[in-house]
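J.: Let me see the structure of the following:
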Amino acid sequence: MSTSNNTPTSPDEVRDLMRKPVWQMSGEELCILAKFATSTTTPSFTSKPDKTRVIGIKELAAYLGCCESTIYAIKKAGILDSAIVSQIGKRIVFDAERARELADDYQKAQREQRETQ
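T.: Numbers count the residues shown, from 1 in each chain. Predicted coordinates:
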C-alpha cells in the first residue's frame, strides 16, 4: 500500500484495508484506517425530522403517554381531526406534535370546566 501523508491513495487501497482483519494489520495500517474513518463525513442523525408521524391509536397513546381509551374518546369527540394526516380504512396516520397540542388544549379546557362547576 502506497501512502502519502498517512492516507490511502486510492479507493481500492482503502477497500482492501477495510477487508483486512484487524489482528493482521500493522499499527500503521490501523492508524491509516482510523484517520480515513474520521476524515470522511458521516450523515448526522441528531437532527430532528420535520414532522413526527405515528400510525394508529396504540402508537399515538404510547407517544403521548396516555391510555388508548383516552385517545379513542378524544378522537370520537372530533378533537384529533386536524391532526390526522391520512386515513385508509382503520389505519390512521397522525401528526404526533399536532395531536399533542390538541390533546393538551382539550385537557386544559376540561380542567377549567370542572373548576367552574
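J.: list the contacts for A83?
T.: Taking CB atoms under 8 Å, 6 or more residues apart in numbering as the contact definition, A83 lies against 94-96, 98-99, 102. From N, CA and C alone the C-beta is placed, and that goes for glycine too.
J.: By neighbours, which of those residues wins?
T.: Neighbours here are counted as other CB atoms under 10 Å. On that basis the top member of the contacts of A83 is F94, with 27 neighbours.
J.: To which secondary structure element type does it belong?
T.: Using DSSP: H, G, I helix; E, B strand; the rest coil, the three-state assignment for F94 comes out as strand.
J.: Now render the contacts of A83 as a markdown table, adding pLDDT.
T.: Output for the contacts of A83, formatted as a markdown table (pLDDT from 0 to 100):
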| residue | pLDDT |
| --- | --- |
| F94 | 92 |
| D95 | 92 |
| A96 | 91 |
| R98 | 92 |
| A99 | 93 |
| L102 | 93 |
